[in-house]
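>>> Turn this into a model:
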Amino acid sequence: MLKLTLSSWQDHALESTVALWNRAAVKDGYKEMTASSFRSIILQNPYFDPACTFLLLETAAAAGTEAQEETKAEAGEITPDWSIAGDKTSEGFASNSASSASPTVRGFACGVTGGDLPLGADAGYLTILLLDEDIADDHHYSVLLDVVEQRFRDLGKKQAEALFFNPMRLPWLIPETPGHEHNNAPGIPVDSALHRFLLKQGYAERSRQNGMYLDLAGFTIPTDIQEKENQAARLGYRVEWFDGKRHTGLKELLAALGNPAWEKEISRCADEGIPFLVAAHLDRAAGFAGPVIREPSGRGYFAGIGVNPEDEGKGLGSILFFRLCEAFRGIGTEYMSLFTGETNPALKIYHKAGFRTVKQFGVLRKDLDKRAKELHQS
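Model (predicted):
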C-alpha cells in the first residue's frame, strides 16, 4: 500500500523532483530540467522560499496499517495523510511514513514573495504546481494550492498572482521548432490542467499573453518601413548603434519612459559597452531597442523598445523594431521570441515582421482576503 505525504521542501528530493518535472512539466511545454538547471532557476533564485515550496511524497505505508487502509480504500473512504513532514535529517527525509525507502516525489508546488517585486507588497506569485498524470485531479491540486496560498496569507499577502513579474523565469520550448526556447513563461499555459483547475478555484484570468516566434532566416525589412525611415531621416532622425562618446540624453530618455527595469538594464549596457540601438535626433537619444544579445540557444535577447513621448508619431517604434530584427540576423541569431498581450496594438507590427503566435498563457489573480472571509463566515 502506498501513501502520499505532504512536505515542505527537502534538499534530498532534488533528483526525484527533477524527474517529476521531466515527466509532468514538459507535457505543458516547459523545457526539461537537469539537477543543475533546477538549482539555478529555482533553488538558487534570490526569492526561493523553502517554506513556500512543497512536495507530495509517495512512500510505503506501515505494514501494520495496510489491511485497514485497504479496507477503507475499498469503501471509498480513504484520504491520504496530509500533515507536514518533519524536519529533514542526515539519514534522509523525516516523514510520517514508517518506511525507510526513499520517497518518490509525485507532486511539486512553488510560490515566491518579495516586497521589492512589482505588486510584491500585496501579492504572492504562484510559480508552478506539478502532479504526476495518474494523480492530477482537483483533490491533489487543491492540497498543493492550499498550502502555497496559506503561506502567502501568513506573510500578509492579499492576493495570489500568476504573471510575468514572477522572478522565477521558467523556460519553455517553442512548438514545431528544432528545440528553440523562450526564457520565461509569462503566466499559466492556456488549456493546461492547471489553468483549468485555477479558474475553478476562484482565479480570474485578467489577460492572455501571446508567445510569439520569428525564424530570422528569411527576414527582410519591408519597403514601407524603409520609406518610414526615409521620412524620419528628413526630420533629422536615424537609427544606429549607441555610442556613449557621441550620443547624449540617454539618462533623460530612460527617465521619461518610466520603466525601472529598462532604466537599470540599458544604463548598465551603456556603461559596459553591451550593444543596443538608438533612434537619435541630432545625436540626442529619442528611443532605444535592445540590448542586442545572442543567447547560447541561438535566441535573440532584448529587454524592450521605447520611444520618448516627445518624439512619438514619427514611426520610430516600428523602425527600431525592424532594425533590431535585422541587427540580430546580422550577428548570427537564429530566431527571436517574445510575449505580448493579445490585445496589444503592437501585434500588427510583430505580424508584419513575420512573428506568429505559438502559445498562449493566462495571467491570473485570486483575492486571498475574499477566501479567508468566506472560511471565517462558514
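>>> contacting residues for Asp122?
157-159 (Cβ atoms under 8 Å, 6 or more residues apart in numbering). Every C-beta, even on glycine, is put in place using the N, C-alpha and C of the backbone.
>>> Torsion angles phi and psi at Val363?
Main-chain torsions, Val363, degrees, to the nearest 10: phi -90, psi 110.
>>> ok, it - contacts?
Applying Cβ under 8 Å, 6+ apart, the residues near Val363 are 162-164, 186-187, 205-209.
>>> Just the buried residues of the residues you listed.
Neighbour counting with 16 or more other Cβ atoms under 10 Å marks 162-164, 186-187, 205, 208-209 as buried within the contacts of Val363.
>>> Show me the two of those that sit farthest apart.
Phe164 and Glu205 (14.2 Å; Cβ to Cβ).
>>> Phi, psi for Tyr301 please.
The phi/psi pair for Tyr301 (degrees, to the nearest 10) is phi -100, psi 130.
>>> among the buried ones among the contacts of Val363, which are in helices?
Residues of the buried ones among the contacts of Val363 located in helices (DSSP state H): none.
>>> Span of stretch 235-253 from start to end?
19 Å (Cα to Cα, to the nearest Å).
>>> Now do the buried residues in it.
Within stretch 235-253, the residues that qualify as buried are 237, 239, 242, 247, 249-250, 253, counting by 16+ other Cβ under 10 Å.
>>> And for stretch 296-310?
297, 299-303, 305-308.
>>> what does stretch 193-209 give?
Applying 16+ other Cβ under 10 Å to stretch 193-209 flags 193-195, 197-198, 201, 203, 205, 208-209 as buried.
>>> Pipe those into JSON lines and attach distance to Arg23 and pLDDT per row.
What follows is the buried residues of stretch 193-209, written out as JSON lines (distance: Cβ to Cβ, whole Å; pLDDT from 0 to 100):
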{"residue": "Ala193", "distance to Arg23": "14", "pLDDT": "96"}
{"residue": "Leu194", "distance to Arg23": "15", "pLDDT": "97"}
{"residue": "His195", "distance to Arg23": "19", "pLDDT": "97"}
{"residue": "Phe197", "distance to Arg23": "18", "pLDDT": "97"}
{"residue": "Leu198", "distance to Arg23": "21", "pLDDT": "97"}
{"residue": "Gln201", "distance to Arg23": "24", "pLDDT": "96"}
{"residue": "Tyr203", "distance to Arg23": "25", "pLDDT": "97"}
{"residue": "Glu205", "distance to Arg23": "27", "pLDDT": "97"}
{"residue": "Arg208", "distance to Arg23": "27", "pLDDT": "95"}
{"residue": "Gln209", "distance to Arg23": "26", "pLDDT": "95"}
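>>> okay, these in TSV with distance to Gln231 next?
Converted to TSV, these look like this (distance: Cβ to Cβ, whole Å):
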residue	distance to Gln231
Ala193	51
Leu194	48
His195	44
Phe197	51
Leu198	48
Gln201	52
Tyr203	46
Glu205	41
Arg208	35
Gln209	33
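>>> Narrow these to those in helices?
Per DSSP H, those map to helices at 193-195, 197-198.
>>> Return the closest of the residues you listed with respect to His140.
Phe197 (9.9 Å).
>>> so the closest one makes contact with His140?
No. Taking contacts as Cβ atoms under 8 Å, Phe197 lies outside contact range of His140: 9.9 Å.
>>> thought Gly300 was touching Gly332?
No. With contact defined as Cβ under 8 Å, Gly300 does not reach Gly332; the gap is 9.8 Å.
>>> Pull up the overlap in contacts between these two.
Arg294.
>>> Let me see the ranges of the helices in the stretch 1-150 of the chain.
Using DSSP state H, counting those that start in this stretch, the helices of the stretch 1-150 of the chain run over residues 14-24, 35-38, 66-74, 138-154.
>>> ok, now which ones touch Pro275?
Contacts for Pro275 were tallied using Cβ under 8 Å, 6+ apart; they are 241-242, 269, 290-292, 327.
>>> Thanks a lot, catch you later.
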